[in-house]
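[1] structure for the following, please:
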Amino acid sequence: MVDKIITLNNKNKYLILDETSIENKKYYLGMKLKNKEPTNNYLYFEELNNNNIKPIIDEKTKEILLTSFTINYIDKVYDVVM
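    Coordinates of the predicted model:
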């Protein structure tokens, strides 16, 4: 799903930047788009069983995802440098 644009029920659009799996659940990092342009607003999403996604509101889960996505980013940067 990375690099796809999703539209929430409130019509806000997000570009999916990264994904991770934790305890057999898929999570995504999305960047909000405004008029097709990137913004500085980001959300974490959880994939549901019916291939829908929902924004994450639980603060503990957000902290875990921040760590996971930061590690993903560092790994990608490290791969480019090497």
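[2] how about the lowest-mean-pLDDT helix or strand in the chain: buried residues?
    Ranking every helix and strand in the chain by mean pLDDT, DSSP states H and E puts helix 59-81 at the bottom, with a mean of 86. Buried residues in helix 59-81, counted by 16 or more other Cβ atoms under 10 Å: Ile64, Leu65, Ser68, Phe69. Every residue, glycine included, has its C-beta placed from N, CA and C.
[3] now the second one: how far from Thr20?
    In other words, Leu65. According to Cβ to Cβ, to the nearest Å, Leu65 and Thr20 sit 7 Å apart.
[4] common neighbours of the two, please.
    Listed contacts common to Leu65 and Thr20 are Tyr27; contacts here mean Cβ atoms under 8 Å, 6 or more residues apart in numbering.
[5] which residue packs closest to the most centrally placed residue in the chain, ignoring adjacent ones?
    Compute the mean C-alpha point of the chain, and by Cα atoms, centre = their mean the closest residue is Leu29, 1.0 Å away. Ranked by Cβ to Cβ, 6 or more residues apart in numbering and with sequence neighbours excluded, the top spatial neighbour of Leu29 is Asp18, at 4.5 Å.
[6] in three-state terms, label the one you found for me.
    strand (DSSP: H, G, I helix; E, B strand; the rest coil).
[7] determine the number of other residues adjacent to it.
    Using other Cβ atoms under 10 Å, Asp18 has 19 other residues around it.
[8] residue contacts, it?
    Residues in contact with Asp18 (Cβ under 8 Å, 6+ apart) are Val2, Tyr28, Leu29, Phe69, Asn72, Tyr73.
[9] ok, Glu47 touching Tyr27?
    Yes. Using Cβ atoms under 8 Å, Glu47 is in contact with Tyr27, at 7.2 Å.
[10] tell me which of those two has more neighbours.
    Tyr27 (20 against 16).
[11] orientation of the helix or strand harbouring the more buried one relative to helix 59-81 in degrees?
    If you go by DSSP states H and E, Tyr27 is part of strand 25-34. On the basis of axes from the mean of the first three to the mean of the last three Cα atoms, to 10 degrees, strand 25-34 is oriented at 80 degrees to helix 59-81.
[12] on that earlier part again, and the gap between the residue nearest to Leu29 and Asn72?
    Distance, Asp18 to Asn72, by Cβ to Cβ: 6 Å.
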